[in-house]
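Got a predicted structure plus its sequence, pasted below:
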Amino acid sequence: MTSPAAIVGVGATPYYFRGTSLPQTVYELIGKAVLMGVEDAGLGVDDVDGLTFFAYGFDTATIVEMLGMPQVTFAHVVGGYGAGMAGVLDLAAMAIETGRAKTVVCIGAGQQSANRYGQALGRLPSTPDNIFHQIAGLGGPGQAMALLTQRHMHKFGTRREAFGEIVIASRAAAFNRETAIRRKHLTMDDYMASPMLADPMCRLDFCLETDGALAFVVTSAERARDLKQKPVYISATAQVANRDWGRGFFWLGQSDEAFTSAGAAGVAERLRQTSGYDPKDIDVACIYDHFSPMVLMQLEDYGFCKKGEGGPFVQSGAIKLDGSIPINPHGGHLSEGYVTGMTHMREAVEQLRGQAVNQIAGAKRALVTGGPAPHPLTAAVLSNEP
Amino acid sequence: MTYPNGARSFTPDFAQLIVAMDQWSEPYWQAVGEHRLQFPRCGKCGTFRWPAGPFCYKCRSQEVEWVTAGQARIYSYTVLPVMGPDKDAPPQWRVPVVVEFDGIPDVRLVSVLVGAPLDALAIGDMLEPEWLAAENATVPGFRLAEEKA
Ligand SMILES: [Zn+2]
């Protein structure tokens, strides 16, 4: 099966430590990323006729007016907070495949000076459903993830050293990257000395909070071959919501099996059904790492190891740059920066163009995952072969 | 040893907390006011659902019957340091807990564990409710069962 659509341009602002992108507005950041993206593709703003977003998105009218897009005929949003991230490619490919648009720009951005994600739940007004979390004192996603993590450790014997390995591997990858915010070398002793924020998760298990914007230009595979960059084909995409994971980690009413997961088993299964996804075919995995234990559980959900064996798997060194399945060679959200997953998509594109800072030799296929959060959860497989 | 010797979780003050409820959750809160824990079961197929809501997710019936919960146990928990206004003072410790109950399959109550010894907690520990006063309702917290005896 050949891919109908390809990523042909990438634009990104610098990654700013939380709050330091001011006085630019988030729309200025988006504008800069879009202009860089179309330039990278060798196209112009006049060519853009589609926009896709996730996590409630941004205002189409503002972007169209601000950058003077002549006519946008497709503008859609995937839900699911960071879970919907990879779904922007699903929507873009759909627009191309159905002829609803010819050049789609997928946009993701964040500016946390006003709204810190880490306190997102604490800001919600009291409702009949969230009153229980207010009683518990659960104020942020990481605290809810800690409950899943605690049970994973109880059920499978997973150790904190495994989460430490994930953080250390992320930092090692970020070491030589100009774009990365946390680059200092890290040892297991450093990890173990990091203060507990939500037992069993310490400060280093929590990702950065970053301002920035990224834009990805998608067009048909056929047109992509005549453009400036080596095409990165959208081989497979999936977006899945199921009751097993339900309202997600904040709900805490997942099925017993899903409780100790990243909620991605259904997404992996959907990829298998629609495209024959097999983790053995993936050369590099860009795994949404807002919290390090969620990387481990995604490795299980996406089939890189068996359920419950994520701990020994990461402790074997498999996820390092020279391991059997290198994870986040850009340093990910834990070390490079956190723009709700879009930085992972950029790394996957750079890997498949052969332009990555930490290039995985011969990488042909990359997995990009949306973040464990309320469903729909999304993922994409990208390839430099049509 | 992760926590200071003998450290325990504190009991939050809910005096200012306004409990939001609707027609589906009100019977739960009424029972809590009488120091009872009960959960909604589908009146048609017997499947429990939580939080209390308008539909059974299995058969989509809107019928509900209320069932008294059995023994409570820790399904999962975390420990959060809570800093007061004085940033140099040691933190207090808050323990969000996910509670499961005998006889109420697939329902988990998200609550708070009070007075709990932080270094001696384990999933599966038996719990007893601790009734705490909120502004417009009673709120169920929990404490370790053995300790209360
Ligand atoms: Zn029913």
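Structure received. Residues are numbered from 1 along each chain as shown, chains lettered A, B, ... in the order given.

and the residue located most distally from the centre of chain B, which of the three is it?
Most distant residue from the mean C-alpha position of chain B: B:D88, 31.0 Å away (Cα atoms, centre = their mean). Of the three states, B:D88 takes coil according to DSSP: H, G, I helix; E, B strand; the rest coil.

and what of the one 10 residues further on?
State at B:V98, reduced to three classes by three-state DSSP: strand.

Distance of it relative to the ion?
To the ion, B:V98 is 24 Å away according to Cβ to the ion, to the nearest Å. The C-beta positions use only the backbone N, C-alpha and C, and glycine is treated the same way.

what's the answer for B:A7, then?
From B:A7 to the ion the distance is 44 Å (Cβ to the ion).

what about that residue, how many neighbours?
Counted by other Cβ atoms under 10 Å in any protein chain shown, the residues lying close to B:A7 total 18.

what number of residues lie near the spatially closest residue to it that is not a sequence neighbour?
Excluding its sequence neighbours, the residue lying closest to B:A7 (Cβ to Cβ, 6 or more residues apart in numbering or on different chains) is B:L118, at 4.8 Å. Other residues near B:L118 come to 19 when the count uses other Cβ under 10 Å.

Next: B:R94.
Other residues within reach of B:R94, judged by other Cβ under 10 Å, total 22.

which SS class is it?
B:R94, by the three-state scheme (three-state DSSP), is strand.

What's opposite it in the beta bridge?
With DSSP bridges as the criterion, B:R94 is bridged to B:L80.

Surely the residue nearest to B:A7 touches B:T2?
Yes - using Cβ atoms under 8 Å, B:L118 makes contact with B:T2 at a distance of 7.3 Å.

Show me whatever sits in contact with both of the two.
Counting by Cβ atoms under 8 Å, 6 or more residues apart in numbering or on different chains, the contacts common to B:L118 and B:T2 are B:V79.

Phi and psi next, for B:L132.
For B:L132, the backbone dihedrals (degrees, to the nearest 10) come out as phi -120, psi 140.

I meant A:D59, not that one.
phi -80, psi 110.

Okay, strands next: where are they in the stretch 1-150 of chain A?
According to DSSP state E, counting those that start in this stretch, the stretch 1-150 of chain A carries its strands in the segments A:5-12, A:16-17, A:50-54, A:74-78, A:104-110.

Pull out the buried positions in the third one.
Spelled out, that is strand A:50-54. For strand A:50-54, the neighbour count (16 or more other Cβ atoms under 10 Å in any protein chain shown) marks A:50-54 as buried.

Out of those residues, flag the one nearest to chain B.
Nearest to chain B among the buried residues of strand A:50-54 is A:F54, at 25.8 Å by Cβ to the nearest Cβ.

who does that closest one bridge with?
Per DSSP bridges, the residues bridged to A:F54 are A:V78.

do A:F216 as well
A:F216 has the following beta-bridge partners by DSSP bridges: A:V10, A:C106.

Next: B:R41.
Beta-bridge partners of B:R41, counted by DSSP bridges, are B:F48, B:E65.

A:A285 now?
Counting by DSSP bridges, A:A285 is bridged to A:I327, A:L367.

Setting the sequence-adjacent residues aside, check what's closest to the residue of the stretch 1-150 of chain A found nearest the ion.
Nearest to the ion, among the residues of the stretch 1-150 of chain A, is A:D129, at 19.6 Å (Cβ to the ion). Distances taken as Cβ to Cβ, 6+ apart put B:P51 closest to A:D129, at 5.0 Å, once the chain neighbours are dropped.

measure the one you found to A:P128 for me?
7 Å (Cβ to Cβ, to the nearest Å).

So for those two, which sits in the more crowded spot?
The residue with more neighbours, out of B:P51 and A:P128, is B:P51; 22 against 19, by other Cβ under 10 Å.

Just the pLDDT at that one, thanks.
The confidence metric pLDDT takes the value 93 at B:P51.

Please name the residues that touch it.
B:P51 touches A:128-129, A:132, A:253, B:24-25, counting by Cβ under 8 Å, 6+ apart.

thinking again about what came up before, and the residue of the stretch 1-150 of chain A closest to the ion, its phi and psi?
With angles defined as degrees, to the nearest 10, A:D129 sits at phi -90, psi -40.

what residues does chain B put near the ion?
With Cβ under 5 Å from the ion as the criterion, chain B meets the ion at residues B:42, B:44-45, B:47, B:56, B:58-59, B:61.

Which parts of chain B are helices?
B:26-33, B:145-148 (DSSP state H).

With chain A instead?
Ranges of helices in chain A, per DSSP H, are A:26-41, A:60-67, A:87-98, A:131-136, A:141-156, A:160-174, A:188-193, A:221-224, A:256-259, A:265-275, A:292-301, A:310-315, A:332-335, A:342-353.

okay if I get the ones you listed as a markdown table plus mean neighbour count, distance to chain B and mean pLDDT?
A markdown table is the format used below for those (neighbours: other Cβ atoms under 10 Å in any protein chain shown; distance: least, Cβ to the nearest Cβ, whole Å; pLDDT from 0 to 100):
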| stretch | mean neighbour count | distance to chain B | mean pLDDT |
| --- | --- | --- | --- |
| helix A:26-41 | 21 | 30 | 98 |
| helix A:60-67 | 15 | 33 | 98 |
| helix A:87-98 | 24 | 24 | 98 |
| helix A:131-136 | 24 | 4 | 95 |
| helix A:141-156 | 23 | 4 | 97 |
| helix A:160-174 | 24 | 10 | 97 |
| helix A:188-193 | 13 | 10 | 98 |
| helix A:221-224 | 18 | 41 | 98 |
| helix A:256-259 | 17 | 8 | 96 |
| helix A:265-275 | 19 | 16 | 97 |
| helix A:292-301 | 28 | 12 | 98 |
| helix A:310-315 | 22 | 17 | 98 |
| helix A:332-335 | 29 | 19 | 97 |
| helix A:342-353 | 25 | 27 | 98 |
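
one step back: and of the helices of chain B, who's closest to chain A?
Among the helices of chain B, the nearest to chain A by Cβ to the nearest Cβ is helix B:26-33 (8.8 Å).

Tabulate the CA atom coordinates of that closest one in CSV.
Only the C-alpha atoms of helix B:26-33 are listed here, as CSV (Å, rounded to 0.1, in the frame of the first residue of the first chain):
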residue,chain,number,x,y,z
GLU,B,26,-27.0,13.2,45.1
PRO,B,27,-28.0,9.7,46.5
TYR,B,28,-24.2,9.0,47.0
TRP,B,29,-23.7,12.2,49.0
GLN,B,30,-26.9,11.7,51.0
ALA,B,31,-25.7,8.3,52.1
VAL,B,32,-22.3,9.7,53.0
GLY,B,33,-24.1,12.3,55.1
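
And it, what's buried?
Residues B:27-29, B:31-32 are the ones in helix B:26-33 that count as buried (16+ other Cβ under 10 Å).

swap in stretch B:36-56?
Across stretch B:36-56, burial judged by 16+ other Cβ under 10 Å covers B:37-42, B:48-53, B:56.

Identify the residues contacting the residue nearest the centre of chain A.
The residue lying closest to the centre of chain A (Cα atoms, centre = their mean) is A:G341, at 2.6 Å. Counting by Cβ under 8 Å, 6+ apart, A:G341 makes contact with A:82, A:85-86, A:108, A:288, A:333, A:368-371.

As CSV, the residues you listed with distance to B:L109 would be great.
CSV is the format used below for these (distance: Cβ to Cβ, whole Å):
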residue, distance to B:L109
A:G82, 27
A:M85, 32
A:A86, 34
A:G108, 36
A:Y288, 29
A:H333, 31
A:V368, 36
A:T369, 31
A:G370, 29
A:G371, 26
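
Now flag whichever of the residues you listed is closest to chain B.
Minimum distance to chain B across the contacts of A:G341 is 19.3 Å, recorded for A:G371 (Cβ to the nearest Cβ).

burial of that closest one, as a residue count?
Neighbourhood size, A:G371 [other Cβ under 10 Å]: 31.

Pretty sure it sits against A:H290.
Yes - using Cβ under 8 Å, A:G371 makes contact with A:H290 at a distance of 5.3 Å.
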